[in-house]
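In: Generate a structure from the sequence data that follows.
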Amino acid sequence: PAWRPPFCPNPNCKHHSGLHAYWRYKRIGYYTRRCQPNRIRRFLCLACRRSFSCQTFSPDYWCKRPDILPQLVTKTCGGMANRQIARDLQVAPATIDRQLQRLGRHCLLFHAQQVDNMSPPRDITIDGFESFELSQYHPFHFHLAVDNDSGLFLAFTDSPLRRKGR
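Out: Next up is the predicted model:
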């Protein structure tokens, strides 16, 4: 089956929220770009007449260097520092910061979709731990709720603690 746009990307369109069951659009060709995939399919929303592409819904939308995103995820999960990643990938450190923010937003959206689509959890584990934010003078307690069957985080909060010691 061919890829279908999930909703109209125009925030002023009535089909932007995805709540309407019947949304009409049509394919209007392709455009080419330098990086892979070279041909990107274009669409037209028949309600608001706004055109868009399948790239609009991609994590690398408007990226000049979409080739660094998979390497960025691997290196970040491996514990490399942002400046070190920037040096290794030969990009500016601000690029790494920006792309990590972008990937974080996409991860939050993916997590929200997973929580919305899962059945109600039967067995939940609630736990917490203490750590620091910024420095040891700012202790925090982190609270977690995890579904035992899937291992999916259901909720997360943090609470500032009073400083301990002298």
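In: contacting residues for the nearest residue to C48 once chain neighbours are set aside?
Out: Closest residue to C48 apart from its sequence neighbours, by CB to CB, 6 or more residues apart in numbering: C13 at 4.0 Å. C-betas here are computed from N, CA, C, even on glycine. C13 is in contact with 45, 47-48, 50, counting by CB atoms under 8 Å, 6 or more residues apart in numbering.
In: So which of these belong to strands?
Out: Judged by DSSP state E, these include C45 as members of strands.
In: Taking the contacts of C13, tell me the two that lie furthest apart.
Out: Farthest apart among the contacts of C13 by CB to CB are A47 and R50. That separation is 8.7 Å.
In: Tell me the residues that contact both of these two, please.
Out: With CB under 8 Å, 6+ apart as the test, A47 and R50 both reach 8, 13.
In: Check this structure for its longest helix and report it.
Out: For the chain, the longest helix by residue count, based on DSSP state H, is helix 93-117.
In: contacting residues for the residue most central in space within the chain?
Out: Among the residues of the chain, H106 comes closest to the average C-alpha position under CA atoms, centre = their mean, at 0.7 Å. Shown in contact with H106 (CB under 8 Å, 6+ apart): P59.
In: quick one: it from R27, how far?
Out: 25 Å (CB to CB, to the nearest Å).
In: Low-confidence regions, the protein specifically.
Out: Scanning the chain for pLDDT under 70 picks out the ranges 1, 20, 165-166.
In: List the buried residues in whichever strand in the chain runs longest.
Out: If you go by DSSP E, the chain has its longest strand at strand 135-147. Residues of strand 135-147 classed as buried by neighbour count (16 or more other CB atoms under 10 Å): 139, 145-147.
In: what about the residue nearest to C48, is that helix, strand or coil?
Out: At C13 the chain is in coil, as set by DSSP: H, G, I helix; E, B strand; the rest coil.
In: Please report how far it lies from R105.
Out: Remark: distance between C13 and R105 (CB to CB) = 22 Å.
In: What is the burial count for I85?
Out: Per other CB atoms under 10 Å, the neighbour tally for I85 reads 22.
In: That one - nearest residue in space that isn't next to it in sequence?
Out: Nearest non-adjacent residue to I85, counting by CB to CB, 6+ apart: K75, 4.8 Å away.
In: Repeat that for S159.
Out: Nearest non-adjacent residue to S159, counting by CB to CB, 6+ apart: H141, 4.9 Å away.
In: In the beta-sheet assignment, what are the partners of that neighbour?
Out: Bridge pairing for H141 (DSSP bridges) gives the partners E130, S159.
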